[in-house]
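Visitor: compute the structure for the input listed below.
(2 chains)
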Amino acid sequence: MFELFTVMFKEEWRMHSTLFGSLNFALFPVMICAIAFMGAFLLPLIGTVMDTSLLVNLMHANFALLGIMVGSFGIMGKEIMNRRFGQASLLAYSGRSLPISEKRLFLNFVVKDIIYYFILWVLPFCLGFILAAPLLGMSLHYPLLTLLTLTLSFLTGLCAVFLLSSGYARSRVAFAGATAAIVLAAAIFVFMCNGNAVALFPPIALFYSVTAGNLAISLGVIFILFALSMIFFTPEYQSAEKHYTNRHTPLAQRLTFLPQHDLVAKDIIDLFRSGIAVGQTLFSFLLPLGLIWLILSVMGGFLSPEMILFNFAAVTGVIASTMYTWLTEFDTPMSYLFLPLTVSSVIRAKTETFAMLQVIPVIVLVGVALLSGTAAYIPEALALALSISFFALSVQVRYCGLSPSTLIYNARIFLTYILLIGPPVLILIALTSAHPLFAFTGILLLAPAWYLMQRGFEIWDNADVAGF
Amino acid sequence: MPVSPDFYGHPANVPLSDTHRSDGGVMEPVIQTAHYTKTFGDLRAVNSVSLTVEKGSLFGLLGPNGSGKTTMIKMLTGQMKPTSGTAQVLGIDPSTDGVAVRGAVGIIPEQETPPSFLTAGEYLAFVGKIRHLEDTDEQADWWFDFLDFGDKRDVLCKDLSRGTRQKLMFAQAFLHKPAVALIDEPLINLDPVMQRAVKEFLADYVRSGNTIFLSTHILEIAEDICTDVAILHKGRLLHTGPVHEIIDTGTHLDDFFMDLVNRGKPDV
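Guide: Next comes the predicted model:
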């Protein structure tokens, strides 16, 4: 059992390090640690403009989100793992050739992922704070407590989405039932806590009140979610042969107004038939945004309703830009690059499909603005979200080509991504807080976005296509 | 089981040995490489390979696993850039205009990877559109019939067996009747009956004046159908020439191959 785990661990490391070199990948957690270390020195400054408890809530929400993203691999069982890893032959698929049960393989795979991403993200982040604490004259109590509660947040997010995805893979009805049960439990809990939404999340409750009971509740929730996930897990081997009529030709004909309509039609069909359109919208878009909205609404005492909307729009823009990764997950470039196509034409098609998908953040933003009584600011919020989304898309195209979900773990690329996207987003939020009309300055980002795209097309056309 | 019908107006079931070229006519190269080299770090996957493939030949690129065959095909079709050396495919340099090369030729890649969520029929329609074909439906019908997988037309590619996916990849490579096809291990997942049909098709195809560049490590197939062969080992070209020159000496291709590979040196 342990041997299988260590071999899987090595496998994950080698997959990443093969893609962008051992050093570049090894530097990734070092860089996260350095960012947290430097960020710790900003805490006194942040404390003057923001309540510390809000910062704590945001950090926990972020790590719960990270868990959700890492955990969402299980959403479609084996199929999503296939897409995630392309044509790679992994130990996780060796149930047919090795005398190990699928469940045991999957359990090892999940535990490996938990520890791997803990070392990659959670530990370096907290270590940065721990290292900075003595220099800031801060007691080590809070950084160490943060390590515990952020780890629990990460695990809660991961196990929650894992349970939902296991249910989804087994039966759509079970999935709907589990989702309804979780929402109902949350509602009852909020009611019992007199509307204190933050107390709903056990790791945050533990942070504010370190008691054995709170720790037990946190661990218990994780254990129950994880145990139920394993019980519901299904290996999903040999899916039934489904028959479909030709949708590609009529769809491509309807999309002739787009330059890459044949490829766009293929991407749209892929999106729907793979379940990514529904699954990712729920898990990678609506769920994180719901969490962000929850956190932002707690800030109602500090920010005006329109500023909450603009902050939400900026985050929506960043999260919406990850839709590009949805479009690169269901196939491998190897499946069409032997045709008379350039890499840039494939990327162009995916950006056209991406543009169509932006209707999702538009609907969400309009809905949120209407519900929060800030409908007058819808144009500003849309300008902000869409300009950030397209700019972040261009950064992904330029630096990651057709492999954004893997190349982002290259320390150099990740740092570039953060440095290119972070400042414009912060500047836009600051400008918008000065005057809502400044949200439209976001449109200026489209010029560098266009340049980055063109450079990306040129670079990826001249690069050998990497494949597993 | 369908036998190669009159796809190009030529009789089916002509003995394969008739494909061996012996006319001594004027050579018309369709693929040429000079000192073609590809390195990956310290590894020389293809090491200064110079070869010529004539029009109308069924050229077999032979070699053990890891000898550089797939890398050669990827470079010749512009999917990978050479480290050094030059090449021409139908007069086009694949390193500068890979799209033009891939537009002119047909390719069966090493891995049978049609897009997972299109059906077999949709995939051929998609390829037809990418290649701007007018008669994709008719061509697709012919291939579904010939390779006997019409019942899988509406099935998602991810649900197809490896053999059926191989048939699909075969069909997409020949959908536009290319003058040159570069095919990587095209028979490996097919059953013996289908292998026979495909071999006959290939032989018939070159008789029509087309050229096949076949990469394989199955020597029986090469001896059966190839007019010319090149033998690669650890990226180096050990031999190139007509198959009949080897067979005429009373040597089997596999003995010749084993001898060369074991020596690890060129035969010239």
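Visitor: pull the number of nearby residues for A:Tyr208.
Guide: Per other C-beta atoms under 10 Å in any protein chain shown, the neighbour tally for A:Tyr208 reads 13. In short, each C-beta sits where N, CA and C put it, glycine included.
Visitor: likewise A:Leu140?
Guide: Neighbour count of A:Leu140, defined by other C-beta under 10 Å: 11.
Visitor: look up how far chain B lies from it.
Guide: As defined by C-beta to the nearest C-beta, to the nearest Å, A:Leu140 lies at a distance of 45 Å from chain B.
Visitor: surely that residue and A:Ile130 touch.
Guide: Yes - A:Leu140 lies in contact with A:Ile130 (C-beta atoms under 8 Å); the separation is 6.7 Å.
Visitor: which phi and psi values does A:Thr245 adopt?
Guide: Dihedral angles of A:Thr245 (phi, psi; degrees, to the nearest 10) stand at phi -80, psi 160.
Visitor: how about the one 5 residues further on?
Guide: For A:Pro250, the backbone dihedrals are phi -60, psi -40 (criterion: degrees, to the nearest 10).
Visitor: show me where chain B has its helices.
Guide: Under the criterion DSSP state H, chain B contains helices at B:69-76, B:98-104, B:120-130, B:136-146, B:162-174, B:192-207, B:219-225, B:243-247, B:253-263.
Visitor: wait, what's in contact with whichever residue of the stretch 201-350 of chain A sits closest to chain B?
Guide: Chain B sits closest to A:Pro340 of the stretch 201-350 of chain A, with a gap of 3.6 Å, by C-beta to the nearest C-beta. Applying C-beta atoms under 8 Å, 6 or more residues apart in numbering or on different chains, we find A:Pro340 in contact with B:99-100, B:102-103, B:130-131.
Visitor: before we move on, what about B:Ala140?
Guide: Shown in contact with B:Ala140 (C-beta under 8 Å, 6+ apart): B:121, B:124-125, B:128, B:171, B:175.
Visitor: pLDDT, neighbour count and distance to A:Leu225 added to the residues you listed, as CSV?
Guide: Below are these laid out as CSV (pLDDT from 0 to 100; neighbours: other C-beta atoms under 10 Å in any protein chain shown; distance: C-beta to C-beta, whole Å):
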residue, pLDDT, neighbour count, distance to A:Leu225
B:Gly121, 95, 23, 42
B:Leu124, 95, 26, 45
B:Ala125, 94, 22, 44
B:Gly128, 94, 21, 48
B:Ala171, 95, 24, 47
B:Leu175, 94, 21, 50
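Visitor: for B:Phe117, what are phi and psi?
Guide: phi -110, psi 10.
Visitor: my read is that it contacts B:Lys158, right?
Guide: Yes - using C-beta under 8 Å, B:Phe117 makes contact with B:Lys158 at a distance of 6.7 Å.
Visitor: low-confidence ranges in chain B?
Guide: In the predicted model of chain B, residues B:1-26, B:112, B:264-268 satisfy pLDDT under 70.
Visitor: residue numbers of it in contact with chain A?
Guide: B:77, B:79-81, B:98-100, B:102-103, B:107, B:109, B:111, B:113-119, B:121-122, B:125-127, B:129-131, B:154-156, B:158-159 (C-beta under 8 Å from any C-beta of the partner chain).
Visitor: swap the cut-off to 6 Å and go again
Guide: By C-beta under 6 Å from any C-beta of the partner chain, the residues of chain B that approach chain A are B:79-80, B:99, B:102-103, B:107, B:109, B:113, B:115, B:117, B:119, B:121-122, B:125-126, B:129-130, B:154-155, B:159.
Visitor: let me know the outermost residue of chain B.
Guide: Centroid-distance maximum for chain B: B:Asp42 at 28.3 Å, with C-alpha atoms, centre = their mean.
Visitor: what about the residue nearest in space to the middle of chain A, helix or strand, and which?
Guide: In chain A, the residue lying closest to the centroid (C-alpha atoms, centre = their mean) is A:Met69, at 4.4 Å. Assessed by DSSP states H and E, A:Met69 sits inside helix A:52-71.
Visitor: who are the packing partners of that helix?
Guide: Applying 3 or more C-beta pairs under 6 Å, 6 or more residues apart in numbering or on different chains; DSSP states H and E, we find helix A:52-71 packed against helix A:141-170, helix A:287-298.
Visitor: just the CA atoms of it, as PDB, please.
Guide: Output in PDB follows, covering the C-alpha atoms of helix A:52-71 (Å, rounded to 0.1, in the frame of the first residue of the first chain):
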ATOM      1  CA  THR A  52      -8.100  41.400  10.500                       C
ATOM      2  CA  SER A  53     -11.000  39.000  10.800                       C
ATOM      3  CA  LEU A  54     -11.900  39.600   7.200                       C
ATOM      4  CA  LEU A  55      -8.400  38.800   6.100                       C
ATOM      5  CA  VAL A  56      -8.600  35.600   8.100                       C
ATOM      6  CA  ASN A  57     -11.900  34.700   6.500                       C
ATOM      7  CA  LEU A  58     -10.600  35.500   3.000                       C
ATOM      8  CA  MET A  59      -7.500  33.300   3.500                       C
ATOM      9  CA  HIS A  60      -9.600  30.400   4.700                       C
ATOM     10  CA  ALA A  61     -12.000  30.800   1.800                       C
ATOM     11  CA  ASN A  62      -9.000  30.800  -0.600                       C
ATOM     12  CA  PHE A  63      -7.700  27.600   0.700                       C
ATOM     13  CA  ALA A  64     -11.100  26.000   0.700                       C
ATOM     14  CA  LEU A  65     -11.300  27.100  -3.000                       C
ATOM     15  CA  LEU A  66      -7.900  25.500  -3.600                       C
ATOM     16  CA  GLY A  67      -9.200  22.200  -2.100                       C
ATOM     17  CA  ILE A  68     -12.300  22.500  -4.400                       C
ATOM     18  CA  MET A  69     -10.100  23.000  -7.400                       C
ATOM     19  CA  VAL A  70      -7.800  20.100  -6.600                       C
ATOM     20  CA  GLY A  71     -10.700  17.900  -5.600                       C
END
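Visitor: alright, I will stop here.
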